[in-house]
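Participant: Sharing a sequence plus its predicted fold:
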Amino acid sequence: MGDLKEGLADALEGARQRSLGLLDPLSEADQLAQHSPLMSPLVWDLAHVGHYEELWLLRAVARTRPIDPAHDDIYDAFKHVRKERARLPILGPAEARRHIAMVRGRVLDVLDKVELDPAVPLLSEGFVYGMVAQHEHQHDETMLATLQLRASPEPYPYGGGPAAVPPAGAGTEILVPGGPFVMGADGDPFAYDNERPAHVVDLAPFRIDTFPVTNREYLAFVEAGGYDERRFWSEAGWAHRRAEELAAPLFWSPAGGGSWTVRRYGTELDLPLDEPVQHVCWYEADAYARFAGKRLPTEAEWEKAAYHGAERLFGDVWQWTSSDFTPYPGFRWFPYKEYSEVFYGPDYKVLRGGSWATSPLVARTTFRNWDYPIRRQIFAGFRCARDA
Ligand SMILES: [Fe+2]
C-alpha cells in the first residue's frame with residue numbers, strides 16, 4: 001500500500017479502536033438500553049457505523065451486494081427516529097462487533113486494490129475513506145453524549161471534559177478588523193459538501209470573546225435570576241423556559257452545606273468554575289449574551305476570528321453561533337443529499353469549532369455542525385461577540 005492508502009487505513013483503524021474502547025467497559029444491558037429518548041442504543045450506533053462503511057466502502061466503491069438487506073432499514077438513520085431504535089431487531093453487542101469486523105476486513109481488501117483515481121470525486125485523495133472515518137468519530141462523540149445522560153451508580157471510566165480557561169483570559173475580547181476574508185474549505189480533501197465552495201465574505205469590524213464563556217461567568221447569569229428575566233430571552237426561548245423545558249445546566253446541591261454542581265457521566269461534580277460551560281442550548285446562549293450586553297457571533301464572524309487569535313476553538317466545547325444552517329453560494333450536495341442538504345433552513349442553528357469529544361480528524365476551522373436550538377445533550381457552549 002502507498003502512503004495515502006496506509007494513512008486512510010490508519011484513520012479507519014483509529015476510529016474503530018476509539019468506538020470499541022468507549023463501549024467495552026459497559027455491560028451488555030448498558031449497550032442495548034435506551035438511555036434517553038434523544039439518543040440511540042449504543043450498540044445501534046456501533047452497528048450503524050459498520051453499515052455506513054459497507055454502503056460507501058464496499059457497495060459504492062466495489063459494487064458489492066448487500067450483506068444483509070434488512071440492515072438497510074434497521075440502520076438507516078432516516079427510517080427510524082432514535083427513540084424507536086431499541087425496539088428494532090438490532091444486532092447484539094457480540095454480533096455487532098463480529099459484523100463490523102467482517103465489513104472492515106473486506107474494506108481493507110478493497111482498499112488494497114482500488115485505484116484512488118483523481119478523476120473520480122468519491123475516490124480522489126481518498127475522500128470517501130475520510131468521510132467514513134469521520135462519520136465513525138462523529139458517532140463516537142454521539143455515544144459520549146449518550147453516556148453523559150446514562151444514569152448509573154457506577155461511574156463511567158472514560159475521562160474527558162473541557163479544560164480550564166486561564167482566569168485572566170475569561171471575559172477578554174479580540175478586535176477583528178473589517179474587510180473581506182475567504183470563508184469555507186478550499187483545498188482540504190476531507191471537507192464536507194456544506195463547507196464548500198470557499199467564497200469571499202466581507203464583514204464589518206467586530207469584537208469577540210477570546211475564550212468560550214466559563215461556568216463562573218454563566219453562574220453569574222444564573223445567580224442574577226437570568227432564567228426568570230423575560231428581557232434576556234427571545235420569544236421562542238422564553239416559551240421553552242415557561243414550559244420548564246429549560247433549567248440551568250448547573251445544579252444547586254443542598255447536600256453538605258450547599259454548592260453548585262454539574263453532572264458528568266451520571267455523577268455529580270463540584271462546579272469547575274474555570275471550565276467553559278457546556279450543555280447549554282442555543283436559547284440559553286442567546287439569553288446569556290443579552291445579559292452580558294453582547295450577542296452571539298455569526299458563523300462567518302466565528303470563522304474569521306479563528307484566523308485572528310481567538311483561542312480554544314477546538315478541544316473544549318462546540319460553540320453556538322447566531323446563524324441558521326444554510327448553503328453557501330454555489331453549494332452542490334456530495335456525495336449524498338442527506339448529509340447536509342435536507343437540513344438546510346431556519347430550524348437548525350450552526351455550531352462551530354469542536355468539543356473535547358471531537359476527533360482532530362473532524363475538528364477544522366471550516367467544519368459546520370448544526371442542531372435544533374433546544375438541544376443541550378451535545379457538548380455545546382458558546383462565546384459572545386459585539387459590534388466594534
Ligand atoms: Fe450516522
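Facilitator: Looks like it came in fine.
Participant: contacting residues for T366?
Facilitator: By Cβ atoms under 8 Å, 6 or more residues apart in numbering, T366 lies in contact with 183-185, 188, 191, 195, 303. C-beta here means a position set from N, CA and C on the backbone, and glycine is covered the same way.
Participant: please redo it, this time with the cut-off set to 10 Å
Facilitator: 182-186, 188, 191-192, 194-196, 198, 303, 306, 352 (Cβ atoms under 10 Å, 6 or more residues apart in numbering).
Participant: Helices of the stretch 51-200 of the chain, start to end?
Facilitator: Secondary structure of the stretch 51-200 of the chain (DSSP state H, counting those that start in this stretch): helices at 61-62, 71-74, 93-113, 127-149.
Participant: Tabulate the ones you listed (CSV), appending mean pLDDT.
Facilitator: Listed next are those as CSV, based on pLDDT from 0 to 100:
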stretch, mean pLDDT
helix 61-62, 98
helix 71-74, 96
helix 93-113, 98
helix 127-149, 97
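Participant: Tell me which of the ones you listed sits most buried.
Facilitator: Mean neighbours per residue, mean count of other Cβ atoms under 10 Å, is largest over these for helix 127-149, with a mean of 22.
Participant: now the helices of the stretch 51-200 of the chain as a markdown table including distance to L46?
Facilitator: Shown next, in a markdown table, are those (distance: least, Cβ to Cβ, whole Å):
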| stretch | distance to L46 |
| --- | --- |
| helix 61-62 | 22 |
| helix 71-74 | 13 |
| helix 93-113 | 5 |
| helix 127-149 | 8 |
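Participant: I'd like to know which of those is closest to Q17.
Facilitator: Across the helices of the stretch 51-200 of the chain, Q17 has its closest neighbour in helix 127-149 (10.2 Å, Cβ to Cβ).
Participant: Now do the closest one: distance to the chain's middle.
Facilitator: 8 Å (Cα atoms, centre = their mean, to the nearest Å).
Participant: What's the local residue count around W302?
Facilitator: 26 (other Cβ atoms under 10 Å).
Participant: right, and it touches F367 too?
Facilitator: No - W302 lies out of contact with F367 (Cβ atoms under 10 Å); the separation is 11.0 Å.
Participant: Find the residues that touch each one of these two.
Facilitator: 351-353.
Participant: Run through the stretch 251-388 of the chain and note the low-pLDDT ranges.
Facilitator: 256 (pLDDT under 70).
Participant: Could you look up the SS state of the nearest residue to L144 once chain neighbours are set aside?
Facilitator: Nearest non-adjacent residue to L144, counting by Cβ to Cβ, 6 or more residues apart in numbering: A357, 4.6 Å away. Three-state call for A357 (DSSP: H, G, I helix; E, B strand; the rest coil): coil.
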